[in-house]
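Enquirer: predicted model follows, preceded by the sequence.
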Amino acid sequence: MYAISLGDDGAELCPLEPWRAEEFLAHVDRGREFIGQYNGLPDVVTDLESSRAFLQAYAERTAADAGRLYGIRTDGRLVGAVLFRRMDVAQRTAEAGCWLEPSAVGKGLVTRAVRAIVDWAVEERGIHRVEWWVSAENEPSIAVARRLGMTKDGVLRESYLYRGKRHDEEIWSVLAPEWRAAKGQS
């Protein structure tokens with residue numbers, strides 16, 4: 001297996017594949033309540049079968065060049081993930097997302113991991129626009145969008161019904177020329 005280093009703290013980014021279903025379920029179980037605040041993953045991944053099915057769906061998206069799923073590991077332990085929920089290479093657009101279990105929060109892992117996948121998408125796959133859809137109440141995720149240099153495009157008012165409550169969704173994005181310009185300033 002291969003992994004990409006996310007820095008000097010031993011954090012790594014690696015593919016999440018169906019054969020990792022048991023480990024993935026344990027990870028979701030550790031963060032179920034926390035992850036589920038804004039993300040429907042814990043409602044989808046409830047047992048080993050659904051864990052395998054979720055990972056298989058992303059394996060198929062990867063094979064179709066329509067999405068990707070990567071695990072974030074610290075000291076070899078799966079603590080979160082970043083992904084391209086959608087990827088349309090013909091239109092050159094993608095939507096990135098993330099989640100972490102509570103033990104991994106506040107260490108910059110998501111920002112570093114999303115930076116790595118956005119850079120890959122822009123530089124290797126020719127993606128022009130990367131979007132970040134987020135509940136307007138999810139301040140940590142909005143902070144990631146800001147740290148990545150994304151621009152808030154707008155708000156879809158009460159567009160997302162989640163666990164019986166309507167949420168406003170913010171859409172943030174970064175365009176390839178902006179991404180490259182920001183890298184040049186680093």
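Expert: Nice, thanks for sending it over.

Enquirer: the nearest residue to residue 149 once chain neighbours are set aside sits in which helix or strand?
Expert: Excluding the flanking residues, the one nearest residue 149 by Cβ to Cβ, 6 or more residues apart in numbering is residue 182, at 4.6 Å. Every residue, glycine included, has its C-beta placed from N, CA and C. According to DSSP states H and E, residue 182 maps onto helix 176-185.

Enquirer: tell me the mean pLDDT for that helix?
Expert: Mean pLDDT, helix 176-185: 87.

Enquirer: that helix: which residues count as buried?
Expert: By neighbour count on 16 or more other Cβ atoms under 10 Å, the buried set for helix 176-185 is 176, 178-179.

Enquirer: who's in contact with it?
Expert: With contacts defined as Cβ atoms under 8 Å, 6 or more residues apart in numbering, helix 176-185 is touched by 118-119, 122, 127-130, 149, 151, 174.

Enquirer: try 6 Å this time
Expert: Residues outside helix 176-185 that contact it (Cβ atoms under 6 Å, 6 or more residues apart in numbering): 122, 128, 149.

Enquirer: which parts of this structure are helices?
Expert: Using DSSP state H, the helices of the chain run over 21-35, 41-44, 48-63, 109-123, 139-147, 176-185.

Enquirer: report the angle between the fourth one and helix 139-147.
Expert: It refers to helix 109-123. Per axes from the mean of the first three to the mean of the last three Cα atoms, to 10 degrees, the angle that helix 109-123 makes with helix 139-147 is 40 degrees.

Enquirer: swap in the longest one?
Expert: Going by the same axes, to 10 degrees, helix 48-63 is angled at 10 degrees with respect to helix 139-147.

Enquirer: and helix 48-63, what does it pack onto?
Expert: Applying 3 or more Cβ pairs under 6 Å, 6 or more residues apart in numbering; DSSP states H and E, we find helix 48-63 packed against helix 21-35.
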